[in-house]
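Asks: pasted the sequence and its predicted model underneath.
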Amino acid sequence: MKYTVNGNDIKFSCDDFDLAETLDCGQAFRWKKEDNGFEGFALDKPLYIEQNGNEFTLKNVSEDEFLSFWKDYFDLDTDYASLKKLYSDDKTLKSACEYAKGIRLLRQDTWETLISFIISQNNNIPRIKGIIENMCKMFGGFPDAKTLSSCTEDDIAPLRTGFRAKYILDAANAVNEGRVVLSDLKTLPIEDARNSLMSIKGVGPKVAECVLLYGCYRVEAFPVDVWIKRVMAEYYPDGLPENILSTAGIAQQFLFHYMRTNNTK
């Protein structure tokens with residue numbers, strides 16, 4: 001990945017990357033299409049980014065911020081061409097990779113991912129985005145665990161999170177009190193990390209896997225929703241190929257997008 005500093009902007013070239021496929025595929029909820037690019041936030045850092053082919057422009061970003069934050073966030077050091085070559089040994093995954101060539105796994109904040117995917121339960125993407133946007137407006141940014149732990153369900157009722165409100169507050173209390181240590185989730189044996197997350201009310205296997213994959217970059221984590229259940233039943237009744245299990249979460253991104261959006265498969 002090569003980059004240049006152009007005034008207040010950063011320009012870089014990158015193959016195997018598409019903004020729409022990556023930012024609008026349901027792994028992050030603080031991005032929206034604006035003009036020729038996407039506008040959004042990560043850790044309350046604002047960004048506007050444009051794409052022209054394999055050329056990308058980050059507006060009003062310093063070189064230091066690009067190298068210390070955004071390069072990692074967009075997973076620009078990972079060789080997706082090699083991963084797709086590996087996946088293409090399998091017929092279904094090959095079709096999925098050819099269909100959505102530019103999906104990347106975002107390296108998101110663990111806490112924000114936890115709350116976002118609690119909100120995502122039995123919800124659709126536009127409504128999830130709306131709740132999170134209103135939450136950020138209410139608190140002047142994405143609220144940390146200490147801030148939310150001081151709230152009651154009545155306090156956050158205007159967000160209209162419904163049954164999820166009690167789960168949001170339990171997650172905040174668990175993190176604030178140290179019952180769940182977010183930094184440990186990245187290094188614990190994955191079963192222990194899953195169990196730690198599922199000690200939070202309302203966090204089941206799917207949300208736990210999403211937090212581990214999107215918020216901890218545990219690429220072996222494999223979230224299963226209705227779309228992936230269909231994939232597994234139709235194409236992998238005996239399980240995924242052994243050679244992709246160590247990066248099953250990245251493979252899942254291709255399979256999920258392919259099954260959900262490709263009407264010609």
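Replies: Noted; the coordinates are in hand.
Asks: what about residue 9, distance to residue 180?
Replies: Between residue 9 and residue 180 the computed distance is 39 Å (CB to CB, to the nearest Å). Glycine gets a C-beta too; all of them are placed from N, C-alpha and C.
Asks: compare these two (neighbour count), which wins?
Replies: residue 180 (23 against 17; other CB atoms under 10 Å).
Asks: just checking, the more buried one touches residue 199?
Replies: Yes: if you go by CB atoms under 8 Å, residue 180 and residue 199 touch, sitting 6.6 Å apart.
Asks: now the common contact residues for these two.
Replies: Common contacts of residue 180 and residue 199 (CB atoms under 8 Å, 6 or more residues apart in numbering): residue 174.
Asks: element containing residue 171, please.
Replies: Secondary structure from DSSP states H and E places residue 171 in helix 165-176.
Asks: which elements pack onto that helix?
Replies: In terms of contacts (3 or more CB pairs under 8 Å, 6 or more residues apart in numbering; DSSP states H and E), helix 165-176 is packed against helix 110-119, helix 145-149.
Asks: can you say which of the ones you listed is nearest to residue 254?
Replies: Closest to residue 254 of the helices and strands packed on helix 165-176 is helix 110-119 (CB to CB; 19.6 Å).
Asks: can you name every helix or strand that the closest one contacts?
Replies: Short answer (3+ CB pairs under 8 Å, 6+ apart): helix 110-119 packs on helix 125-139, helix 165-176, helix 205-210.
Asks: at 6 Å instead, please
Replies: Contacts defined by 3 or more CB pairs under 6 Å, 6 or more residues apart in numbering; DSSP states H and E place helix 110-119 against helix 165-176.
Asks: what's the first helix or strand after the helix it packs on?
Replies: helix 190-198.
Asks: name the residues that touch that next one?
Replies: Here helix 190-198 makes contact (CB atoms under 6 Å, 6 or more residues apart in numbering) with 180, 185, 203, 208, 211, 212.
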